[in-house]
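Engineer: here is the input, now give the coordinates:
(one chain, ligands or ions: 1)
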Amino acid sequence: MTFEDFDLNAGTVRALARRGIQTPTPIQAAALPAALAGRDVLGLARTGTGKTLAFALPIAARLEPASARGRLPRALVLAPTRELALQVARELAQVAPHLVGVTVYGGTGYQAQARALSAGADYVVATPGRARDYQKQGVLRLDAAAIVVLDEADEMLKAGFEEDVEALLGATAPGRQTLMFSATLPVWARRLARRHLKDPVVANVLKDEAVAYREEVYRVPRDREEALSRLLFAKDPERSIVFVRTKVEAARLADRLASLGHPARAVHGDLGQRDRERVLQAFRQGRTRHLVATDVAARGLDVPEVDLVVHYQLPDQPEAYQHRSGRTARAGRSGTVAIFAGGGEAGRVRRIEAAVGRRFARAELPGDEAARTARLRRLVEAARAQPEARKAQVRAIAEAWIKAGDVETLAGLLAERLLPEEPESLPTRRPGRRRVGRR
Ligand code: AMP
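Structural biologist: Have a look, this model is predicted:
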């Protein structure tokens, strides 16, 4: 596919070619046909994917040159930051030399930008706050805006521009074309799209964006701790990070994992700098294999490559999902992301899937047998790795058992290491003594 396949004039295509732009990027290929035909588009793409041209070319192609002084803008592009607004303005100036644009943003005097608006423009590129100020003053009139672009809608939300964006949209003509781009779809962005886009073509290139990790959703029972233990035994990761929501949960889960035979420690906001460093050191050296962390504690954590990330509890925001998951499969390595979801959480998982533009695999928790086999494998490895001197201390005992054919005792020893502990509440458990070998 080339730019000649689109409904663009030959001059535009040649101008792009002179800049080395010949083959459309995926978001351009997905969005341009509809956008050039005047349809609304919801484009899901990140920065750097070529999305600017996906809306700049339609503006260039669809607006005729005009010259009347004081003419009202026929296109409005909203961008979250001054830098992005300037970048977009530069791109528009290149592809639409027949049009006059004005760029407005905050953090600078009102006079010059207001004068430029009053002189008349074909399009306006603006940050929402300043655009709204001018619109309230009557300096920026949007009655003639036939094309409205929302660039990086999710970032506009983060910057607190919701109300400004909605007020500006409300001031434009109802028959307009709306092109909305976003890298994620938080609730507000989704609602905005539903309210303000008419039968949009969804151009989603996020879903084709390969992530190097495999994402698996586990439908977990009420007892998540036991489910996690089984998963850790079965996956047997060199290093993993388990994400929870609260400090209390982090500490509790780490203790519980340790009692189930997993070398796990917690990192959370209440740890002092020294303790935190000590835990991380153990994790780097492989003595601690599982870190149980809160999102806050994990931020800025300098940890080595992990091969498993567990969303023990679902993150509140898709952004948190990406931050957590991005801890694995870095630097060309592979990794697994396990998502725990309880019975009532299927909808929340689907919302994360929609936000990141991928569908996760549904996986089965390993059964008791699979977990036990994995655990046995680890135990045998650890046993073989014992130093000769240590083995020598107990060799006589082992030889005596073998000689006597005492399989019972060996089985008991393995049960002690391999099977879950008896629950506290069982009356058969005698105080002070560990019962082993249930089943
Ligand atoms: P954007 O994501 O719109 O900021 O674009 C990122 C960079 O890619 C910009 O420098 C564009 O000039 C460039 N670019 C956009 N589309 C193409 C294309 N089809 N081929 C080559 N470069 C492109």
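
Engineer: could you list the low-pLDDT ranges of this protein?
Structural biologist: 208-210, 300, 331-332, 420-439 (pLDDT under 70).

Engineer: which residues of it lie near the ligand?
Structural biologist: With C-beta under 6 Å from any ligand atom as the criterion, the chain comes near the ligand at residues I21, T23, P24, T25, Q28, T47, G48, T49, G50, K51, T52, L53. C-beta coordinates here come from the backbone N, C-alpha and C atoms, glycine included.

Engineer: A helix includes G43, no?
Structural biologist: No. Going by DSSP: H, G, I helix; E, B strand; the rest coil, the assignment for G43 is strand, not a helix.

Engineer: ok, it - contacts?
Structural biologist: By C-beta atoms under 8 Å, 6 or more residues apart in numbering, the contact set of G43 is 27, 30-31, 51, 54-55, 179-182, 203-205.

Engineer: can you say which of the residues of the chain next to the ligand are buried?
Structural biologist: I21, P24, T25, Q28, T49, G50, K51, T52, L53 (16 or more other C-beta atoms under 10 Å).

Engineer: JSON lines for these, including secondary structure?
Structural biologist: Compiled in JSON lines, those are given as follows (three-state DSSP):
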{"residue": "I21", "secondary structure": "coil"}
{"residue": "P24", "secondary structure": "coil"}
{"residue": "T25", "secondary structure": "coil"}
{"residue": "Q28", "secondary structure": "helix"}
{"residue": "T49", "secondary structure": "coil"}
{"residue": "G50", "secondary structure": "coil"}
{"residue": "K51", "secondary structure": "helix"}
{"residue": "T52", "secondary structure": "helix"}
{"residue": "L53", "secondary structure": "helix"}
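
Engineer: ok, the closest residue in space to H290 that isn't next to it in sequence - how many residues close by?
Structural biologist: Leaving out its chain neighbours, the residue that sits closest to H290 by C-beta to C-beta, 6 or more residues apart in numbering is A264, at 3.9 Å. For A264, the count of nearby residues is 24 (other C-beta atoms under 10 Å).

Engineer: show me what contacts A264?
Structural biologist: V242, L253, A254, L257, A258, T288, R289, H290, L291, V292.

Engineer: phi, psi for the fifth one please.
Structural biologist: Backbone dihedrals for A258, given as degrees, to the nearest 10, come out at phi -60, psi -40.

Engineer: next one: the residue nearest to D236 when sequence neighbours are not counted from the ligand, what distance?
Structural biologist: For D236, ignoring the flanking residues on the chain, the nearest one in space by C-beta to C-beta, 6+ apart is A374 at 5.4 Å. Distance, A374 to the ligand, by C-beta to the nearest ligand atom, to the nearest Å: 45 Å.

Engineer: gap between R115 and the ligand?
Structural biologist: Computed as C-beta to the nearest ligand atom, the R115 to the ligand distance reads 29 Å.

Engineer: so which of the buried ones among the residues of the chain next to the ligand comes closest to A93?
Structural biologist: T52 (11.8 Å; C-beta to C-beta).

Engineer: ok, D154 touching L185?
Structural biologist: Yes. Counting by C-beta atoms under 8 Å, L185 is a contact partner of D154 at 7.3 Å.

Engineer: which of the two has more residues huddled nearby?
Structural biologist: Between D154 and L185, counted using other C-beta under 10 Å, the more crowded position is L185 (24 against 21).
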